[in-house]
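A.B. asks: sequence and computational prediction follow.
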Amino acid sequence: MKGSIIQAVLIAAALLLSASVCVAAESRAAAPGEATGAPKAAEKGAKAKKAVSPDNPVDINSASKAQLKMLPGVNDAQAAKIIAGRPYLSKAHLVTHNVISGAHYAQIKDLIIARQK
């Protein structure tokens with residue numbers, strides 16, 4: 001009995017570790033500012049013109065004030081408050097750290113992400 005519990009715990013730990021490695025590798029591959037063959041100036045211009053959508057979310061840990069203001073209901077003061085509270089471990093920390101209200105978070109949660117460096 002004791003051996004099967006230990007075995008189950010070890011298997012669960014191995015699965016969690018492999019999942020976290022996969023997520024880290026995926027987010028590293030998609031990190032902003034990485035060289036992808038295109039000039040960086042062209043990338044910045046293209047990113048600034050893209051509309052915010054669930055397919056093109058705003059990273060609350062690296063977005064500029066102008067990019068944050070593209071989110072619905074985010075003004076200068078809220079954008080500055082988001083920037084001041086960085087880094088966020090998850091996008092839900094905007095609510096738990098009292099940066100924005102729960103109702104406002106519900107409105108923008110599909111439009112934001114919180115990438116880790």
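C.D. replies: Cool, got the structure.
A.B. asks: ranges for the helices of the protein?
C.D. replies: Ranges of helices in the chain, per DSSP state H, are 2-29, 40-49, 65-69, 76-84, 93-96, 102-108.
A.B. asks: which residue lies nearest the spatial centre of the protein?
C.D. replies: Centroid check for the chain by C-alpha atoms, centre = their mean gives A114 as the closest residue, at 1.7 Å.
A.B. asks: got phi/psi on the residue nearest to Y88 when sequence neighbours are not counted?
C.D. replies: Spatial nearest neighbour of Y88, excluding adjacent residues (C-beta to C-beta, 6 or more residues apart in numbering): A114 at 4.6 Å. Every residue, glycine included, has its C-beta placed from N, CA and C. A114 adopts backbone torsions of phi -130, psi 80, taken as degrees, to the nearest 10.
A.B. asks: quick check: the gap between A114 and D55.
C.D. replies: 17 Å (C-beta to C-beta, to the nearest Å).
A.B. asks: same question for K91.
C.D. replies: 16 Å.
A.B. asks: picking up where we left off before, weakest of the helices of the chain by average pLDDT?
C.D. replies: When the helices of the chain are ranked by mean pLDDT, helix 40-49 comes last with a mean of 46.
A.B. asks: perfect, that will be all.
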